[in-house]
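Undergrad: Got a predicted structure plus its sequence, pasted below:
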Amino acid sequence: MNVFAEVEARVLAALKGLQAKGMLPEDLDFGAVAVEQPRDSSHGDLACNAAMVLAKAAKMKPRDIAEALSSSLKTDPDVASAEVAGPGFLNLRMRDGFWHDVVGAILAQGPKFGASGTGAGERTNVEYVSANPTGPMHVGHCRGAVFGDALANLLAFAGYDVTREYYINDAGGQVDVLARSVFLRYREALGEDIGEIPAGLYPGDYLKPVGAALAKEHGAALINMPEERWLPLVRSFAIDQIMPMIRDDLAALNIRHDVFFSEASLTRGGTDKVQAAVAELRKRGLIFEGRLEKPKGHDDEEWEDREQTLFRSTEYGDEADRALMKSDGTYTYFAGDVAYHYDKLQRGFRHLINVFGADHIGYIPRMLATIAAFTDGQVERDAKGKLKHWHTTGGTADLDIKVVNLVKLFKNGEPYKMSKRAGTFVTLRDVVDEVGGDPVRFMMLYRKELEPLDFDFAKVTEQSKDNPVFYVQYAHARAASVLRNAREAFADLEFVRDGTVSADLALLTDAGELDLIKKAAFFPALIEGAARAHEPHRLAFYLYDLASAFHGHWTRGNDLPQLRVIQADDRAITAARCALVASLQQVLSSGLTVLGVGAPEAMR
RNA sequence: GAUCCCGUAGCUCAGUCGGAUAGAGCACCUGCCUUCUAAGCAGGGGGUCGCAGGUUCGAAUCCUGCCGGGAUCGCCA
């Protein structure tokens, strides 16, 4: 039950009624008509902008439309008042019974309250994390991981059919470096003194067990092989060892993926998916042999001018065409990504979402161009041809690229630089072990993803009570606690029977109680808006707001005992208030679950 | 050089498709625990929404141009 959609439907019906009576011209576009929450609750429960958005097309004064709409809506038995205000707002107040029904709906629908059908089961692929499999996850990785995971949860809750995907970059030079680093640890495991790890290789201790495992499996068999023979073997061995480490790290943050897609698999075993994808682009006339201009702002010396295979991404607003083949005849990273995304499309996804780190911003235009090309879609541009949004439109499928900004690490207020070599490398696991997954997740989500985030390791560890996650969790625990106490006060207290509310909700007459219901009633609309915008942070802020309202109402009971939930001499009112508290607990629980954060029954 | 992001209270940040008197947390000040969990609550001070134009019934929000901070650029991944 979405009260905004509900009331909007009634407004639209009223507008059509006015048309039928000839009080409004036919042929009006009601698309911009919206029912929303007024910023100031003294204006009413709900506000409608219909009069103002229709005035021009209807060639009428906004206030005249609003007055007509007002008298029409006043006949609705749920409408307590419909006043025209300001330039033509229609402020609606609903009768208490309308809000009491929301409590009933929440308790009847349980965890499904707020879940929506807007996604219509459309197949959606969210690709996130995709860290190179060269070591354990560090704190910098976890923002994109948490964001992507929460976004996937949100979309699933909003009715999309979501696949969570991790692209394993296991084909480039970095994994060769990994293999060489592991090979060194392998020699070490066999008793050799390897001395200091040479520059250019990964020095981390986490590779020691990998080298030891390699020694256990192969003994000394690899030691005298030429590199070209052991390299591929060690490479895949190392990746097979490290991916479980990464999965474990992610699991510690309550993150799981449905699909791990290997870059190397694109060209393994006689198949060449890159070639197939490039052929598809060639068919569209977007592949050509040409020369690239020297990039500006870089030293000239290393630039080599040569003819090469290029993708005409400038066709879709990119600033340069993009190379697909290196001079040694192998594919570029981009070529692999083209094939990977072609594969996603062939798997039938209608919506693609990629979560990028801010350091990949420059990669966005070519990725958008790729999807636009494959789907016969467009990349939106403004009049000057600049990219307007980071998504494609109008094609058989679309891509939206979400960028999470950098996490700036601090320690005791000082900027903190991570370095694998200096041993100041902070792993994700260290943070989660010390602080817990819930605070990390909530902190990452309690912020618009495009904003930079300061992460002070010491502060999060020592003053974790400042983290808003506890505020929200406390509200949930408080609700659980009062329900426990109520059942103690009234042994067989009942407010729900067979999925419907049995308590007399008409007893909820306090303004604070009704205000809480109104906030809870906003949840479905919030979910829809956040899902549409791909912005999980809105949910985090909403939950904070709801928790705040609940804490405020609760504490009012200190001064005014008659407002407390448990009224020892009044079973009926206790039951009604318990129903309200249970409904708030449900919304808090559902929201926290979408964010991937726990909803505890008690705080410690 | 080019592209992109950001600029809202002392600090960190929200602000729904353009909506009414711009909000929260922290910090500061004043109160509230014999009371359903004080990890809480109530109140106070604090603003040129970076600057200047434009669009319109209405702009923190959209457009243009500046200013400031940050990120990125390649046959890397």
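TA: Good, I have the coordinates.
Undergrad: The helix or strand containing residue A:580 packs against which elements?
TA: Using DSSP states H and E, residue A:580 maps to helix A:571-595. On a contact count with 3 or more Cβ pairs under 8 Å, 6 or more residues apart in numbering; DSSP states H and E, helix A:571-595 meets helix A:96-109, helix A:139-157, helix A:437-445, helix A:468-489, helix A:511-521, helix A:523-533, helix A:537-559. Bear in mind the C-beta positions are built from the backbone N, C-alpha and C, glycine included.
Undergrad: Show me what the mean pLDDT comes to for that helix.
TA: Helix A:571-595 shows a mean pLDDT of 97.
Undergrad: Pull the distance from stretch A:24-40 to the chain's centre.
TA: Distance, stretch centre to chain centre, for stretch A:24-40: 29 Å (Cα atoms, centre = their mean, to the nearest Å).
Undergrad: So which bits of it are buried?
TA: A:24, A:28, A:33, A:35, A:37, A:38 (16 or more other Cβ atoms under 10 Å).
Undergrad: Would you mind putting the residues you listed into a markdown table with distance to residue A:351 alongside?
TA: Converted to a markdown table, the buried residues of stretch A:24-40 look like this (distance: Cβ to Cβ, whole Å):
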| residue | distance to residue A:351 |
| --- | --- |
| A:24 | 37 |
| A:28 | 32 |
| A:33 | 27 |
| A:35 | 27 |
| A:37 | 28 |
| A:38 | 33 |
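Undergrad: Give me the below-cutoff pLDDT ranges for chain A.
TA: For chain A, the stretches flagged by pLDDT under 70 are A:296-302, A:382-386, A:412-413, A:419-424, A:461-464.
Undergrad: Break it down into its domains, please.
TA: Domain ranges of chain A: A:3-94, A:173-243, A:464-595, per automatic domain parsing.
Undergrad: Single out the most deeply packed of those.
TA: domain A:464-595 (a mean of 19; mean count of other Cβ atoms under 10 Å).
Undergrad: Spell out which parts of the stretch 451-600 of chain A neighbour RNA strand B.
TA: Listed as neighbours of RNA strand B in the stretch 451-600 of chain A under the rule Cβ under 7 Å from any atom of the strand: A:451-454, A:465-466, A:468, A:470-471, A:474, A:477-478, A:480-482, A:485, A:525-526, A:529, A:532-533, A:535, A:537-538, A:541, A:544, A:548, A:551-552, A:554-559, A:561, A:563-566.
Undergrad: List the contacts of residue A:89.
TA: Applying Cβ atoms under 8 Å, 6 or more residues apart in numbering to residue A:89 gives the contacts A:38, A:43, A:47, A:48, A:49, A:51, A:52, A:66.
Undergrad: Give me the spatial nearest neighbour of residue A:350, chain neighbours excluded.
TA: residue A:122 (4.5 Å; Cβ to Cβ, 6 or more residues apart in numbering).
Undergrad: how near is the one you found to residue A:355?
TA: 19 Å (Cβ to Cβ, to the nearest Å).
Undergrad: More neighbours: these two, which one.
TA: Set residue A:122 next to residue A:355 and count neighbours by other Cβ atoms under 10 Å: residue A:355 wins out with 26 against 15.
Undergrad: and the helix or strand harbouring the more buried one, how far from the chain's centre?
TA: Counting by DSSP H and E, the element that carries residue A:355 is strand A:351-357. Its chain's average C-alpha position is 10 Å from that of strand A:351-357, according to Cα atoms, centre = their mean.
Undergrad: Tell me the strands beside that strand, with direction?
TA: Paired with strand A:351-357 in the same sheet, following DSSP bridges, are strand A:123-127 (parallel), strand A:398-404 (parallel).
Undergrad: what sits up against that strand?
TA: So strand A:351-357 is contacted by A:122-129, A:140, A:144, A:147-148, A:151, A:160, A:341, A:344-345, A:363-364, A:367, A:371, A:397-404, A:406, A:534 (Cβ under 8 Å, 6+ apart).
Undergrad: If we use 6 Å, what do you get?
TA: For strand A:351-357, the surrounding residues in contact (Cβ atoms under 6 Å, 6 or more residues apart in numbering) are A:124-128, A:144, A:147-148, A:344, A:398-403.
Undergrad: Equivalent analysis for stretch A:459-472, please.
TA: Taking contacts as Cβ under 6 Å, 6+ apart, the residues outside stretch A:459-472 that touch it are A:434, A:435, A:438, A:439, A:442, A:443, A:446, A:543, A:544, A:547.
Undergrad: Considering those, which possesses the most neighbours?
TA: Going by other Cβ under 10 Å, residue A:543 tops the contacts of stretch A:459-472 with 30 neighbours.
Undergrad: Which two among the buried residues of stretch A:24-40 are spaced furthest apart?
TA: Taking Cβ to Cβ, the two most distant members of those are A:24 and A:37; they sit 25.5 Å apart.
Undergrad: Sort out for me which of the contacts of residue A:89 are in strands.
TA: Among the contacts of residue A:89, the residues falling in strands (DSSP state E) are A:47, A:48.
Undergrad: show me the contacts for the residue sitting furthest away from the middle of chain A.
TA: For chain A, the residue at maximal distance from the C-alpha centroid (Cα atoms, centre = their mean) is residue A:224, at 49.3 Å. Counting by Cβ under 6 Å, 6+ apart, residue A:224 makes contact with nothing.
Undergrad: I'd assumed it was in a strand, is it?
TA: No - Residue A:224 is assigned coil when assessed by DSSP: H, G, I helix; E, B strand; the rest coil, not a strand.
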